[in-house]
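Visitor: Structure for this input, please:
(one chain, ligands or ions: 1)
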Amino acid sequence: MTADRIDELRAEATAAAEAAPDTAALEELRVRYLGRKAELPNLLRGVAELPPEQRGVVGKAANQARQALEALIEHRAAQLAAGELDARLAGDRVDVTLPGAPPQPVGSLHLMTAVRREIEDVFCGLGFAVVEGPEVELVHYNFDALNHAPAHPARSRSDTFYVATAQRPADPGDQVVLRTHTSPMQIRSMEAQPPPIQLIVPGRVYRPDSDATHTPQFHQVEGLAVDEDITLADLKGTLLAFARAIFGDERDVRLRPHYFPFTEPSVEVDVSCFMCAGTGVLPRTGVRCNLCKGTGWLEILGSGMVDPNVLAGIEAHDYDPERWQGYAFGMGIERIAMLKHGVPDLRLFYDNDLRFLEQFG
Ligand code: DAH
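Guide: Sure thing, here's the model as predicted:
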């Protein structure tokens, strides 16, 4: 009777364990068949009270049944736990390639930044270093050291932002201005290092002008190269390489005589018009080219050979003008960007209208 019951319990528990859907159900089964109040352990505890001839048989069968059930439940528990872990891992998987919700616009560089970097890249490729300098500058660096005569019109109050200082300096050169150009960095750079020198200076400059082609604050890139045996041909070759990199391989440059206080001789530099290929008329239609006003040339910068007076004024190092020559140039970044991208009004750069800015993403 008892041995039959053990077989029955063993078969029932085995079938139930094999069918258990999850670890929680299996745990319930373990308690039901092997727990302290369960029938099989009770039978085992009662073996001592059985008639002696039954004790061995029943005890052995009950023990085997309990061990077999324990092993089965343990095996099944491991199986179920592994399946449940797999399911959890699959459910928790994060697809890091999915776009954000909603996708965020990433923005783009402002046209001024993009063109400045483009110019920097070209000159870096030609071996120029990039340096920056103060926007609030001494009159000495902005004018005097650059050979501006005391009566030069750029010094007038209507052409330059003077900065009020607590006391009016005794030396007029110590007056403070918002720099009107990046050229003062020619002097500061030469004071900071001996020749040879080859660098560009991007940065903001300030003048009290305001119309479609002038804003009170704008950007320039200055260039300076000083070495032995530098000639105007080096200047022209460098600017030709620059013009071609920015405006296209077909471009040409020409130098026109001009005047700047700190270069001698001084030139203005034109690049052949990329709209009409330098012809002054548009292909096919024969209409006068609007960009270059029919001239075939676009003015892009001022330049020249560094005036010997400027070199001689550098006291910190030996820039003896008998030994060292140099060239310098200065361009407006806005002007380069306007020409290259056909921007009709300088103020568009500073209105921060996304409809304009997004066109250059
Ligand atoms: N500083 C001049 C300006 O703002 C531009 C310039 C002309 C810079 C000739 C130069 C140069 O270095 O050689 O109008």
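Visitor: Need the CA coordinates for stretch 32-39. PDB is fine.
Guide: Extracted in PDB, the C-alpha atoms of stretch 32-39 (Å, rounded to 0.1, in the frame of the first residue of the first chain):
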ATOM      1  CA  ARG A  32       4.100  20.800  -2.100                       C
ATOM      2  CA  TYR A  33       6.100  17.500  -2.600                       C
ATOM      3  CA  LEU A  34       9.300  18.000  -0.500                       C
ATOM      4  CA  GLY A  35       8.400  20.600   2.100                       C
ATOM      5  CA  ARG A  36       8.200  20.000   5.800                       C
ATOM      6  CA  LYS A  37       4.500  19.200   5.800                       C
ATOM      7  CA  ALA A  38       4.500  17.300   2.500                       C
ATOM      8  CA  GLU A  39       3.400  13.600   2.300                       C
END
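Visitor: and residue 220, helix, strand or coil?
Guide: The three-state label given to residue 220 by DSSP: H, G, I helix; E, B strand; the rest coil is strand.
Visitor: That one: neighbour count?
Guide: 23 (other C-beta atoms under 10 Å). Just so you know, the C-beta spots here come from the backbone N, C-alpha and C atoms, and that holds for glycine as well.
Visitor: What of residue 154?
Guide: Neighbour tally, residue 154, other C-beta under 10 Å: 14.
Visitor: Use 879 as the first number for this chain going forward.
Guide: Okay, using 879 as the starting number, the last item reads as residue 1032.
Visitor: who's in contact with it?
Guide: Listed by C-beta atoms under 8 Å, 6 or more residues apart in numbering, the contact set of residue 1032 reads 1021, 1026, 1038, 1058.
Visitor: can you pull the pLDDT of the nearest residue to residue 1170 once chain neighbours are set aside?
Guide: Closest residue to residue 1170 apart from its sequence neighbours, by C-beta to C-beta, 6 or more residues apart in numbering: residue 1151 at 3.7 Å. Here, the pLDDT recorded for residue 1151 equals 95.
Visitor: what about residue 1151, neighbour count?
Guide: 22.
Visitor: For it, give me its contacts.
Guide: Shown in contact with residue 1151 (C-beta under 8 Å, 6+ apart): 1157, 1158, 1167, 1169, 1170, 1173, 1174, 1175, 1176.
Visitor: So residue 1217 sits against residue 1177, correct?
Guide: No. The criterion here is C-beta atoms under 8 Å, and residue 1217 misses it with residue 1177 at 9.2 Å.
Visitor: quick one, which of the two is more surrounded?
Guide: Higher neighbour count among residue 1217 and residue 1177: residue 1217, with 20 against 16, using other C-beta under 10 Å.
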